[in-house]
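Enquirer: Fold the following.
(chains A and B)
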2 protein chains.
Amino acid sequence: TDPKSVRLYNLYNEPAFFWTSHMAVGALLSLVLFEDPAVPSIRLDYWITMCVELFCVCLIFSRLAHQGIFSSEKNFWRSKRRLPTLVILLLTLLDMALYVILSELGVTSVRFSRPLRPLLLLCMDRAKQLRGVFKNILLTLPDIITVLTLFLLSVAFFALMALKIFQNRQDLVYYSDGQPYMHNYLDNFFHLYVLVTTANFPDVMMPAFDYNPWFTLFFIIYLIICLYLFMSICLATIYNNFKEHLKEYVEDSVREKQNNLQLAFDILKVETEAGEEELLPRSRWMSLMRTVHPKRLDLEHSLLWDVLAGSNQTGYISKKEFFHVVNLLDMRVLDDKGREPEFQRWFPRCFRSRISRLVRKAVANRFFRYFIDLAVVANAVCIALDQDDAEWFFMVLFILEILLKFYVFGLKKFFRSAMNIFDFILIVAALVINVLELAWKSISNQSGALDFLLVLRLLRLVRLVYAIERFRIVLKTISSIGRSLLTYGAVLFVFFYIFAIIGMEAFAGRITPEPFLTNRSQTRPITCGNPRLNGTQFAMNRYCNNNFNDILHSFVVLFELMVVNQWHVLAEGFVAVTHQAARIYFIIYHLLVVILVLNIFSAFILELFMLEYTVSKEPAERKVSAVVRRI
Amino acid sequence: TDPKSVRLYNLYNEPAFFWTSHMAVGALLSLVLFEDPAVPSIRLDYWITMCVELFCVCLIFSRLAHQGIFSSEKNFWRSKRRLPTLVILLLTLLDMALYVILSELGVTSVRFSRPLRPLLLLCMDRAKQLRGVFKNILLTLPDIITVLTLFLLSVAFFALMALKIFQNRQDLVYYSDGQPYMHNYLDNFFHLYVLVTTANFPDVMMPAFDYNPWFTLFFIIYLIICLYLFMSICLATIYNNFKEHLKEYVEDSVREKQNNLQLAFDILKVETEAGEEELLPRSRWMSLMRTVHPKRLDLEHSLLWDVLAGSNQTGYISKKEFFHVVNLLDMRVLDDKGREPEFQRWFPRCFRSRISRLVRKAVANRFFRYFIDLAVVANAVCIALDQDDAEWFFMVLFILEILLKFYVFGLKKFFRSAMNIFDFILIVAALVINVLELAWKSISNQSGALDFLLVLRLLRLVRLVYAIERFRIVLKTISSIGRSLLTYGAVLFVFFYIFAIIGMEAFAGRITPEPFLTNRSQTRPITCGNPRLNGTQFAMNRYCNNNFNDILHSFVVLFELMVVNQWHVLAEGFVAVTHQAARIYFIIYHLLVVILVLNIFSAFILELFMLEYTVSKEPAERKVSAVVRRI
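Expert: From the prediction side, this is the model:
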């Protein structure tokens, strides 16, 4: 810990450097929009994207190198994310070099490093929560694999059974293509796997049902065992694992915090004359705090000291007292809760006048709120009935409401409530949109372009829900888990990105959208630009826009696959334009994203709600709840 | 408690009487097979079913009356299920009388009491667990209704939004019927409700997607909020409620048991000379046990006494000691675990001979098990490859295996393992089927009729799963919850029955199946016997067999609705042949069965698995686990 290292470390934590490297990762990830297969309107030549990519890789690498200079070798490799980052960067460089050489030689090759890009997200400094979720997924795998293997074995078993039951009945044919029903083992397996996701029920059963009603029993028994039983057991296993690992995670993080505090105390401590106790003197505390929080007042530091020391007036604090510091550091010492409204300070006489007092009383009254709520309903009714003229009246009313609230409660107090901020944003947005619409109409005389934005007015209805106590509790819980939901969003993004890039390599360009038909009487068969799709369910359902031709379309397709319904139709479409093996891609996606990640998400919501409900009973669990929310 | 009442009470608990009344309920429920709309081949005239119904009602009523005679009035009405039973019976009689009068006058009327029949199941003596689940459902309702209302409000909100976004785009039409897209508020609401069940995704989105890709955002945001968020919250709320009510239920049942024991002790007790303590003498115990378990030996009774009294040798037991009796009464006092195999007793010399010892050692060896497992795999492969000749060889092999096991372990020990019983049943069934098949072939020379049953051989593969330790744990957990699963099956049966009868009254006969087509080239349009279905998705998917024409078909349809996929196609089919209001039937079914009952089932499985995993840690929870399993 020589001074040079300290200087480098401070530089490393400088926001500019920090954000530059994070932006580089972001830029690297967004390159996929411009690389082939690109979003059509913003395609760039490959040498441009290559240059940007090289620049980003260099930035990230330089950040790593920077860290390498001031860390000891041991410390540098101790963090498990340094080595993967380095490997990914090197692989990217290798991949780029190979691609350039091969394309100069006229050979088209695959950019194999692209699916690795989102893993850089996991290696970023601030992605601790994201890493936590991925670690949880990895730890859950062994247990869930037992259940999934058993599940896949039973699917295989039922597929064999279906083969034996149906293969000799030549008069029993499958509807869509007229082939014999359930006559091929691998097809049976796929059909029954899809059946567990319920996506092809009852269609897959109907031919057998028409043939002999008792055959339905086969499908009903299969669904009871494989869908209702095994899928519930999957969720139970994942939930149980999640709870276990959460406990370990909390214990680990508490232990790590203790260790770090111990290290900090060991550096700061002085020994008392007796040599027995190790204590921290007040002077050191003050100098420490001045470096940590240079912007705070000395008064605040000594206030914190008083809180830590408690009744102990020796001018020293012990280790135990020092350990409380973590709970205090984030607290705002000087609160501005009790402050009076700004208008009272600015125009005290006016504010205290009789008329002002009347207004204040009226606004604070609950009937004022009821009146505004009523106006919101009336507004919604007007919007529903397309009474656009009333909009300006309501607009003025709501602006007046906000101004009155400004006056009565003061700006600071007003903006402390999330609901008020929401109201304010909506009304400003509505004002801007209305003015824009007016301007638009006077220019082009053609309404409709901004229709989409006008619908934002309807969001005002949300405040009604907020007015009812029971609903407010549910909404509060939802908003309190908002941040963790973002983490799960990031997890899904990583999975989506990897699968999207693989999907684009495999399927890009094989399915092209049909031109939009305004006249439905044109019922010529649709083939999505690929004759192999002729007559498939994919083409008949007009799914041509569900393709992997660019990253945005890929994300939509992957979302559709995540929702599960009709995923087999999508899968069969891509199988038709490539090969049977493409089914594996879709099955793996289903296993990973739907069965694993979504169930972990369910487990997370379950656990969170249970904690939210029990939090009033056990204060010890409140900590855990706070931790969960941070994961 | 005069002697006459006691005699009547004993008569009441007589198995013959008990089963007669239960059979009457069963007969009443199964009448629906024969009443109009009946299963075609077993239809009975209405006066026959009426007579049977009257007879059953009288039987159930007489049982109730029997109970009324020996119970005091207060006791009789204290049980909450007596009054509903009486009301249902009276309503049934009234309904029957009305129906007969009206049909004599030539007016067709509705048998309104039929949906009430399954409620009699709930009122039966042995249906305590079933009542527990229904009570739990009722108690969960208030909390879940808040979440569901919020959910329905957001669907209504998004429906309004969709209307505003899409209604002015005249060039945007819906695929299937060419009508403007999302142009009707009530239709929007239904489409978006179906979207939460994912059943019409991505089809409902595709027209908007083709029109402008950014419209997908509307659907994605909607699904994230209403599907992933609200449905998870539903499960969490239900799980939380389930846990709470389970705790209350356990506490209540413990309290009730204590009260009953207290009452019993108060009747049995004598006061000691000092008059302070209340004790139960041994003589009274013995006479009590002789009445309770007349078939057991006196030895067993005194053994139980010794266990209860413990080290206390006064010849009396205190109240506290008496309370332990519940844990002991069900125990088998004399166990036959250590008994030797039957063959050892019958032919001791032969059993101990050298060759016999060798055989015993071989059979007990694990390689014997491996060999048999290998044979099972080989057998499955042969079945898969249609090598029917090998079947007799394997048959003999497996019969030999069972005979050897009989010899080595003895009959009693053999039949104590569930796996062995399973093996035994399979092999006997296979033997019977093979012989039947042989006979069949020699008669008609036409194979195939028994194909379905031959597949039972494949069930042998299940024993392989049992051979792997990790799988065995999962299977054991499943089998340990088997009984509770039956309770949930009964709950579903009650719901299915009620909805089936209502469905039959509303939809019977409106959709008739098409004749089975062996030649698929006949592609004339299908209308399921109702011209209104022409061109609907229902007819195009050949769903004609999904109708409410008899109870069996109704159950299949309700199962399909429970699996959710394509439920909107089914619903729209029935809407097409009746009225828009029919949608309400399907939405209520979805809310009740899919959202409420299936989530409670999930909560139950979750709780059970959590208990199963933690049971080794906390012995206190084992009791709860046992109780859960009984619910």
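Enquirer: which one is A:Pro281 nearest to, not counting chain neighbours?
Expert: In this structure, A:Pro281 finds its nearest non-sequential neighbour in A:Tyr316, 5.5 Å apart by C-beta to C-beta, 6 or more residues apart in numbering or on different chains. Backbone N, C-alpha and C define where each C-beta goes, glycine included.
Enquirer: Tell me how far the one you found lies from chain B.
Expert: For A:Tyr316, the distance to chain B equals 43 Å [C-beta to the nearest C-beta, to the nearest Å].
Enquirer: That residue and A:Glu278 touch, don't they?
Expert: No. Under the criterion of C-beta atoms under 8 Å, A:Tyr316 makes no contact with A:Glu278, lying 9.6 Å away.
Enquirer: So which of the two has more stuff around it?
Expert: Using other C-beta atoms under 10 Å in any protein chain shown, the more surrounded residue of A:Tyr316 and A:Glu278 is A:Tyr316, with 19 against 16.
Enquirer: tell me the domain ranges of chain A?
Expert: Chain A breaks down into these domains under automatic domain parsing: A:3-126, A:144-332, A:342-467, A:482-630.
Enquirer: Could you see whether chain B lies near the shortest one?
Expert: Yep, that's domain A:3-126 we're talking about. No. Between domain A:3-126 and chain B, judged by C-beta under 8 Å from any C-beta of the partner chain, nothing touches; the nearest distance is 9.9 Å.
Enquirer: would A:Leu280 count as being in a helix?
Expert: No. A:Leu280: not assigned to a helix; according to DSSP: H, G, I helix; E, B strand; the rest coil it is strand.
Enquirer: Can you report phi and psi for the residue nearest to A:Pro281?
Expert: Backbone torsions for A:Tyr316, taken as degrees, to the nearest 10, come to phi -130, psi 150.
Enquirer: so what's it up against?
Expert: A:272, A:279-282 (C-beta atoms under 8 Å, 6 or more residues apart in numbering or on different chains).
Enquirer: quick one: the helices in the stretch 351-500 of chain A?
Expert: Along the stretch 351-500 of chain A, counting by DSSP state H, counting those that start in this stretch, helices occupy A:354-364, A:366-384, A:390-409, A:411-414, A:418-444, A:451-454, A:462-467, A:469-480, A:482-507.
Enquirer: Which single residue of the stretch 151-300 of chain A approaches chain B most closely?
Expert: Residue of the stretch 151-300 of chain A nearest chain B, by C-beta to the nearest C-beta: A:Ala236 (3.6 Å).
Enquirer: which element is that residue on?
Expert: Element membership of A:Ala236, judged by DSSP states H and E, is helix A:230-268.
Enquirer: List the buried residues in that helix.
Expert: Within helix A:230-268, the residues scored as buried using 16 or more other C-beta atoms under 10 Å in any protein chain shown are A:230-246, A:249-250, A:261, A:265, A:268.
Enquirer: tell me the most buried of the domains of chain A?
Expert: The highest mean neighbour count among the domains of chain A, using mean count of other C-beta atoms under 10 Å in any protein chain shown, belongs to domain A:482-630: a mean of 18.
Enquirer: what about A:Glu572, helix or strand, and which?
Expert: With DSSP H and E as the test, A:Glu572 turns up in helix A:567-577.
Enquirer: following that helix, which helix or strand shows up next?
Expert: Counting by DSSP H and E, the element after helix A:567-577 in chain order, helix or strand, is helix A:582-589.
Enquirer: For that following helix, name the packing helices and strands.
Expert: helix A:482-507, helix A:551-563, helix A:567-577 (3 or more C-beta pairs under 8 Å, 6 or more residues apart in numbering or on different chains; DSSP states H and E).
Enquirer: Looking at the ones you listed, spot the one closest to chain B.
Expert: Shortest distance between chain B and these, using C-beta to the nearest C-beta, is found for helix A:551-563: 4.7 Å.
Enquirer: just for chain A, where's the confidence low?
Expert: A:1, A:175-177, A:271-277, A:326-340, A:444-454, A:516-524, A:613-631 (pLDDT under 70).
Enquirer: List the contacts of A:Met383.
Expert: That one is not Met; residue A:383 is Ile. Applying C-beta under 8 Å, 6+ apart, we find A:Ile383 in contact with A:391, A:457-458, B:160, B:164.
Enquirer: Of those, just say which sits nearest to A:Leu90.
Expert: Closest to A:Leu90 out of the contacts of A:Ile383 is A:Leu458 (51.7 Å), distances taken as C-beta to C-beta.
Enquirer: and the closest one, how far is that from chain B?
Expert: 6 Å.
Enquirer: show me what contacts that residue?
Expert: If a contact means C-beta under 8 Å, 6+ apart, then A:Leu458 has A:380, A:383, B:157, B:160-161, B:164 as its contacts.
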